[in-house]
Every structure is written in structure tokens, then in C-alpha cells.
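In: got a sequence here, can you model it:
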Amino acid sequence: MSDHGQMHVPGSDVTPDVTSGPVDGAHFHRRVTSFRARRSTISDGQRATWDRLWPLLGTEARHGDTPAAPLDTDAWFVRHAPLILEIGCGTGTSTLAMAQAEPDLDVIAVEVYRRGLAQLLSAIDRTSQPESGSAPVTNIRMIRGDGVDVLTYLLAPASLAGVRVFFPDPWPKARHHKRRLLQPDTVALIADRLRPGGVLHAATDHLGYAEHIAQVGDAEPRLRRVTTADRLPMSADRPVTKYERKALAGTEVAELLWERTP
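Out: Below is the predicted model:
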């Protein structure tokens, strides 16, 4: 948990559906996570921005070993708008660009690593400066923690217009495949949290993981593959970051889309 003050996110009268999640009464079971533990540091400037803005725009998925309470997203965003969840936003370059392109949608960006969230927070802050030349971005909120925790405990069924999972860790070694995020249980949980017509958009540059994701997504009975991005509740036009151009030069990226059935 962060050593900074926590934002109070108003609770909800909705009890989260945890039948898909790792819960047994008051005892929460640890699962095999899809991310690697690592240390991350932030600059003095990022720390100052964090101290000022995190209590307003961010919260934690867990408080110690206890999952946070269900979110009241209308109160958090101070409006009612279609809600997009991005799991593993990294430094938030794509998150910010897509939020700017779709100001009518609200975006919750989830990331384990504080450094990435600090970079996104600083980028959001820069849009509010007069010299930015753009409108201030007000439709992004952030959660630090495990995306499966967020889906299981913080969000209600049929509450999302879309879920984005861009370049999740492929865990290429066979003995590590169980750590991959997009497993049948997680995709079933995503399908439950999507409203009818809501979209799951995944992207990966790893061929083996792309095949795995395709099989898992196609096997989920509440999802159907989308072959055209027309008439979707969110854009599937994912911006290509400078890092992606450099790191993935010559590598094909698989873009996989499913729609939640009625």
C-alpha cells in the first residue's frame, strides 16, 4: 500500500458478485499473480504531483490483505458515463491518448507499479497547464493493484462498457503459463463485469499468447468475436507508443476483440 494518504471512495449498496473470485467468507485466498514483483522509484517532481493529485484521482485495490470496498464510480468521476477498465496501463501513454480522444467515456487505469501511475498522473497534470495547448483531461482515475482484485471486489456485474488489456506479460516458459492474466476464470469474470454490448480488447505481440487468448476468449459463452470495430461503445483504435515502435519493430501485433452477448 502507498505511504501517502488514501482517497475516500464512496461505497456502494451493491454487494460485489464474488462467485468468480477467490473468496470464502472473510478469508481471502492468494492466487498466482500475473505480474513480477519489482522495486520502482519516482522522481522528486513525480512525488510532489503524487502527493497533490493521488488522493483525488487514485486509490488502492487492497488495504493490507483486505480488498477495498466496491466503487461508486458516479461519485468518483462526478458524472454518469460509460466506464472503461484498462488493466496494466504501464506508463499510461495509450491511456491518456485514448481518454483524450473519447472525453465522453470514463477510464479506470489499473497498474501494479507506482512508477507507471506516477508518470500517468504527471501527464494528466500537464494537460491542465496553459502551455499544454490541449483541454485538461478529467476522465481518468487510477487504481494501484491487481486487476483481478479490481474486477472481483470493486466493480459490479454489467458495470463496464469495455475492458482493455494491452501487452500483458506473456510468461513464455511453459511452466509459467499459469501466471498469464487472461485465463478462462479471468475472462469469465471480465464477461460478467461487461454490460451487454461491452467489449474486451486485448493486444499482444507474442504469437503463443495470442493463440492462447484467442482460444480462451472464443470459449467463453458470453463473448462473441468482433471482426469490425464499427458501432462499438469504445474505440479500438489503439495508439502506437514510441516504445512500441522501437521495441516491436518488425513484430506483428495481434488485436483481439470480443463483444458481450445480451
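In: could you list the low-pLDDT ranges of the stretch 1-150 of the chain?
Out: Segments of the stretch 1-150 of the chain classed as low confidence (criterion: pLDDT under 70) are 1-40.
In: got the residue ranges for the helices in it?
Out: All helices of the stretch 1-150 of the chain, identified by DSSP state H, counting those that start in this stretch, fall at 44-57, 73-77, 93-101, 114-127, 147-149.
In: could you check the angle the next helix or strand after the last one makes with helix 93-101?
Out: The element immediately downstream of helix 147-149 (helix or strand, assigned by DSSP states H and E) is strand 160-166. Going by axes from the mean of the first three to the mean of the last three C-alpha atoms, to 10 degrees, strand 160-166 is angled at 150 degrees with respect to helix 93-101.
In: next, Glu255: phi, psi?
Out: Here is the backbone geometry of Glu255 (degrees, to the nearest 10): phi -110, psi 120.
In: so what pairs up with it in the strands?
Out: Ala203 (DSSP bridges).
In: near it, how many other residues are there?
Out: 14 (other C-beta atoms under 10 Å). Where you see a C-beta, it was placed from the backbone N, CA and C, and this is true even at glycine.
In: ok, Pro184 next?
Out: By other C-beta under 10 Å, the residues close to Pro184 number 12.
In: in three-state terms, label Met234 for me.
Out: coil (DSSP: H, G, I helix; E, B strand; the rest coil).
In: can I assume it is in contact with Leu200?
Out: No - between Met234 and Leu200 there is no contact under C-beta atoms under 8 Å: 10.6 Å.
In: so which of those two has more stuff around it?
Out: Leu200 (26 against 22).
In: I'd like the next helix or strand past the one helix or strand the more buried one maps to.
Out: Assigned by DSSP H and E, Leu200 belongs to strand 194-204. Next helix or strand after strand 194-204 toward the C-terminus (DSSP H and E): helix 207-219.
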